[in-house]
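>>> here are the coordinates; sequence isn't available:
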């Protein structure tokens, strides 16, 4: 299925990437509420649940955009690994250093007798496994990038039926992982069709697929998928949490069917939408330029804001979550912008 995303109309991918970047911050501002299930008011918990459920598409959308923009290109293995990994690894290592320092400081407060050797072992372990919880995505994307030159060649030489065959089995494995279907599993190994790789194929396919509907109808279908998935996420999370008398985050998982349809719906909607306001376009382009760095640094900024008492409950959480997210986004973008202006800053800013 050799096709490409139209290079003359890629603004929608920029818009979608910026929305995903903002959504990551929303997730991390709101998520602390959810683990306090039973210890906070129902109103506060439901506020966090609704906000968090709405924006759980962020990582899948990042991956779908990666598939849409990268799988249609031909790569020389050496050049690909050199260019892509230098762009990912150097900023990742730079900002990981600060998260390691924070982790060492926290550990020393709990264990003031910690030796230099113990501190060094902890630092190395943090680099190997993740010095901050949000960096799991970077480790995952590194693994996907290693496979990208191979995957892109298969996609470009596959026909539509073969691509749909992969997507169909991938979706089938997601169904098998739903709690209600686990007792019906068969002893067939679907490992090679499982995981986040399916989002790349899905993103590529949806980016080049021309559906036999007008734009209005496509938008209506995509919004139906989006809101259906969100409703399942919100109420599925609530009912599982009630049943277990503790927060259950199953329906928040990126590999659940409800998140797949939310992400697919949003992807199709943005592909068929335009943003023309010049001020908004400038803001979007600015955030897009520094989106990777914003992702890397935003947890540092959130920790700083929390230390100032600015988090999900400094006022009513309905307002506190978006205000805190906006502050975090603005400060993170400013930090990355300033770092980028330093000599060689572009190599570490992200």
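Looks like it arrived, so ask away. Predicted model, so just to flag it, every value in this text is computed and none were measured. Numbers count the residues shown, from 1 in each chain.

>>> just checking, what packs against the least confident helix or strand in the chain by mean pLDDT?
Lowest by mean pLDDT, DSSP states H and E among the helices and strands of the chain is helix 116-129, with a mean of 82. Applying 3 or more CB pairs under 8 Å, 6 or more residues apart in numbering; DSSP states H and E, we find helix 116-129 packed against helix 77-110. No exception for glycine: its C-beta is placed from N, CA and C like everyone else's.

>>> Okay, buried residues for the helix it packs on please.
For helix 77-110, burial by neighbour count (16 or more other CB atoms under 10 Å) applies to 80, 84, 88, 90-92, 94-96, 99-100, 102-104, 107.

>>> Tell me the one among those residues nearest to residue 156.
residue 80 (14.3 Å; CB to CB).

>>> Contact partners for residue 207?
Shown in contact with residue 207 (CB atoms under 8 Å, 6 or more residues apart in numbering): 5, 67, 68, 69, 267, 271.

>>> what's the last one sitting at in phi/psi?
The main-chain torsion angles of residue 271 are listed as degrees, to the nearest 10 and equal phi -60, psi -30.

>>> And it, how close does it get to residue 68?
Spatial separation of residue 271 from residue 68 under the definition CB to CB, to the nearest Å is 9 Å.

>>> Show me which of these two is the more surrounded one.
residue 68 (25 against 22; other CB atoms under 10 Å).

>>> ok now the strand or helix carrying the more buried one, how far from the chain's centre?
Under the criterion of DSSP states H and E, residue 68 resides in helix 58-70. Relative to the mean C-alpha coordinate of its chain, helix 58-70 is positioned 9 Å out (CA atoms, centre = their mean, to the nearest Å).

>>> And for this structure, the residue most distant from the center?
residue 113 (38.1 Å; CA atoms, centre = their mean).

>>> how far does stretch 39-53 sit from the chain's center?
21 Å.

>>> what's it in contact with?
26-27, 30-34, 36-37, 230, 233-234, 237-238, 251-252, 312-313, 317-318, 321.

>>> Show the average pLDDT along that stretch.
Summarised as a single mean, pLDDT over stretch 39-53 is 95.

>>> Check stretch 318-330 too.
97.

>>> show me what contacts the residue most central in space within the chain?
For the chain, residue 59 is the residue whose C-alpha lies nearest the centre (CA atoms, centre = their mean; 1.9 Å). Residues near residue 59 by CB under 8 Å, 6+ apart: 20, 24, 137, 196, 254.

>>> Going by distance to residue 216, which of the buried residues of helix 77-110 wins?
Nearest to residue 216, judged by CB to CB, of the buried residues of helix 77-110 is residue 84 at 38.1 Å.

>>> where are the low-confidence patches of the stretch 151-300 of the chain?
For the stretch 151-300 of the chain, the stretches with pLDDT under 70 are 179-191.

>>> now do 90
151, 172-195, 210-213, 276 (pLDDT under 90).

>>> What segments of it are strands?
Assigned by DSSP state E, counting those that start in this stretch, the strands in the stretch 151-300 of the chain number zero.

>>> could you pull out the helices for it?
160-176, 197-208, 215-244, 257-271, 278-289, 291-307 (DSSP state H, counting those that start in this stretch).

>>> how near is residue 125 to residue 103?
10 Å.

>>> ugh, typo on my part, it should be residue 23
26 Å.

>>> tell me the angle the host helix or strand of residue 326 makes with helix 77-110.
Residue 326 belongs to helix 317-341 when elements are defined using DSSP H and E. Between helix 317-341 and helix 77-110, the angle comes out at 120 degrees (axes from the mean of the first three to the mean of the last three CA atoms, to 10 degrees).

>>> Just name whatever secondary elements the helix or strand that helix 317-341 is followed by is in contact with.
Next along the chain after helix 317-341, taking DSSP H and E as the criterion, comes helix 346-349. On a contact count with 3+ CB pairs under 8 Å, 6+ apart, helix 346-349 meets helix 77-110, helix 317-341.

>>> in helix 346-349, what's buried?
348, 349.

>>> what's it in contact with?
86, 90, 91, 94, 95, 290, 293, 336, 337, 339, 340.

>>> For the first one, give its distance to residue 292.
With the distance defined as CB to CB, residue 86 ends up 13 Å from residue 292.

>>> What residues of the least confident helix or strand of the chain count as buried?
Neighbour count says helix 116-129 has 119, 122, 123, 126, 127 buried, by 16+ other CB under 10 Å.

>>> can you check stretch 209-227 too?
Buried-residue list, stretch 209-227, by 16+ other CB under 10 Å: 218, 219, 222, 225, 226.

>>> how much space between residue 324 and residue 311?
6 Å.

>>> Please read the previous query as pertaining to residue 111.
For residue 111, the distance to residue 311 - CB to CB - is 27 Å.

>>> For those two, indicate the residue with more neighbours.
residue 311 (17 against 12).

>>> Near residue 57, how many other residues are there?
29.

>>> so it makes contact with residue 262?
Yes - at 4.9 Å, residue 57 counts as touching residue 262 under the criterion of CB atoms under 8 Å.

>>> That's all I had, so thanks and see you.
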